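Q: A structural model of the following input is requested.
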Amino acid sequence: MIRSRSLRLMLAVVFVFALSFPAFAGHGQTETPKKGILLVAFGTSVPEARVSLENIGKEVAKAFPDTEIRWAYSAAIIRNKIKRTENMIVPSPATALAQMGDEGFTHVAVQSLHTIPGQEFSDIKKTASAFNGIPKSISHIAVGAPLLNSPADVANMAKVLPTLIPAERKKDEAVIFMGHGTHDPGNIYYPGLATYLQEQDRNIYVATVEGYPALDNVIPKLKAKGIKKVWLMPLMSVAGDHARNDMAGPEDDSWQSILKKEGFKVQPVLKGTGEYDIVVAQWVAHLKKAFNSL
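A: Predicted structure coming up:
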């Protein structure tokens, strides 16, 4: 009886002591949060286009000099292609997060490097949500918004994009920014951006490969204004396959070929938005918000 009472007293003391020091890890050591960043791009199979991703990585490292940075590609078709053609493995967001959890990361900010909040971004959020709070793994995950995710983002980028246009472009020459486009509701950001840009410069347009507005929606407007020359610029983080083939390729169905057939002179610019620090700054701002919420 006395032993039983002593045992209960000892357990009570241990319990109170444990409550006083809640952040304990194994072997009596205090748990120290390990924070990391996971940058998630759609990906590219064009080696020359990765200069954009390298620049984004450089700018993120400058903003977070003491934080480890990892990468993932959200597009399985891109991951499989570079594995096959370059023998290079880039993880999916799920694989990258699982690996970070195994390595002891407790707090991870996942930053989308997509342009709009489309299906790719929705999938990233679902993946992050599945990992959030897994015992003995990542306990806190926050997801940073894509480039355009609010009216303020659109208004800011409408001021930024005109500054990226080469100085040789004349005011009576049109500029078309090529976006990817999607059937997801997030596509609304493209016509929204186009409206904002028109307030900055009536000869700047936005068109998409797979959404609205399309190139066919823009061409009649160019003809109505008597435009003679058109500049083509990617509204994508990298100047990859879409920029080099769908926009500026020699095939008959490329934007460059179509516009030339319509009588326009065409000047493509093969630079992804990730190559411009002023654009990357908006992704970094979203990342800071996510990171600070961890």
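
Q: what stretches of the stretch 151-294 of the chain score poorly on pLDDT?
A: Of all residues in the stretch 151-294 of the chain, none has pLDDT under 70.

Q: Which parts of it are strands?
A: 174-179, 204-208, 229-234, 265-268 (DSSP state E, counting those that start in this stretch).

Q: For the chain, just list every one of the helices.
A: 2-20, 51-63, 76-86, 93-102, 119-131, 151-160, 189-200, 215-224, 241, 255-261, 277-292 (DSSP state H).

Q: quick one, phi/psi of the most centrally placed residue in the chain?
A: The centroid of the chain falls nearest to L113 when counting by Cα atoms, centre = their mean (0.9 Å). Dihedral pair for L113: phi -110, psi 20, per degrees, to the nearest 10.

Q: Looking at strand pairing, list the partners for the nearest residue to it once chain neighbours are set aside.
A: The spatial neighbour of L113 that comes closest, neighbours along the chain excluded (Cβ to Cβ, 6 or more residues apart in numbering), is A41 at 4.2 Å. (Each C-beta comes from the backbone N, C-alpha and C, glycine too.) For A41, the beta-bridge partners are Y73 (DSSP bridges).

Q: Name the residues of stretch 66-79 that are buried.
A: For stretch 66-79, the neighbour count (16 or more other Cβ atoms under 10 Å) marks R70, W71, A72, Y73, S74, A75, I78, R79 as buried.

Q: Repeat that for stretch 186-206.
A: Within stretch 186-206, judged by 16+ other Cβ under 10 Å, the buried ones are 186-187, 189-190, 192-194, 196-197, 203-206.

Q: could I get these as a markdown table with distance to Y212?
A: Formatted as a markdown table, those follow (distance: Cβ to Cβ, whole Å):
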| residue | distance to Y212 |
| --- | --- |
| G186 | 12 |
| N187 | 6 |
| Y189 | 11 |
| Y190 | 7 |
| G192 | 11 |
| L193 | 12 |
| A194 | 10 |
| Y196 | 16 |
| L197 | 15 |
| N203 | 20 |
| I204 | 17 |
| Y205 | 13 |
| V206 | 10 |
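
Q: hmm, which two among these are most spread apart?
A: Spatially, the most separated pair among the buried residues of stretch 186-206 is G186 and N203, at 26.3 Å (Cβ to Cβ).

Q: wouldn't the residue nearest to L113 be in contact with R70 here?
A: No - counting by Cβ atoms under 8 Å, A41 does not reach R70; the two are 11.9 Å apart.

Q: how about JSON lines for the strands of the stretch 151-294 of the chain, with distance to G36 added?
A: Below are those laid out as JSON lines (distance: least, Cβ to Cβ, whole Å):
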{"stretch": "strand 174-179", "distance to G36": "30"}
{"stretch": "strand 204-208", "distance to G36": "34"}
{"stretch": "strand 229-234", "distance to G36": "29"}
{"stretch": "strand 265-268", "distance to G36": "37"}
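
Q: Of all those strands, which one is nearest H286?
A: strand 174-179 (18.3 Å).

Q: Need the contact partners of that closest one.
A: With contacts defined as Cβ atoms under 8 Å, 6 or more residues apart in numbering, strand 174-179 is touched by 115-116, 161, 165, 169, 190, 197, 201, 203-209, 211, 215, 218, 222, 225, 227, 229-236, 242-243, 246-247, 255.

Q: try it again with 6 Å
A: For strand 174-179, contacts defined as Cβ atoms under 6 Å, 6 or more residues apart in numbering pick out 165, 190, 203-208, 222, 227, 230-235, 247.

Q: Please apply the same query to stretch 94-111.
A: By Cβ under 6 Å, 6+ apart, the list of residues contacting stretch 94-111 reads 33-39, 70, 72, 127-128, 131, 137-144, 287, 290-291, 294.

Q: and what of stretch 209-216?
A: H180, G181, T182, N187, P191, A207, H242, D246, W255.

Q: Separate out the buried members of the contacts of strand 174-179.
A: 165, 190, 203-208, 222, 227, 230-235, 247.

Q: picking that back up, got a list of what the residue nearest to L113 touches?
A: L53, Y73, L113.

Q: ok, now which ones touch L235?
A: With Cβ under 6 Å, 6+ apart, L235 has these contacts: F177, M178, G179.

Q: Against V40, how distant is T182?
A: 17 Å (Cβ to Cβ, to the nearest Å).

Q: who has more neighbours, these two?
A: Neighbours per residue (other Cβ atoms under 10 Å) separate T182 from V40, with V40 holding more: 29 against 21.

Q: from memory the more buried one sits against Y73, does it?
A: No - if you go by Cβ atoms under 6 Å, V40 and Y73 don't touch, sitting 7.5 Å apart.
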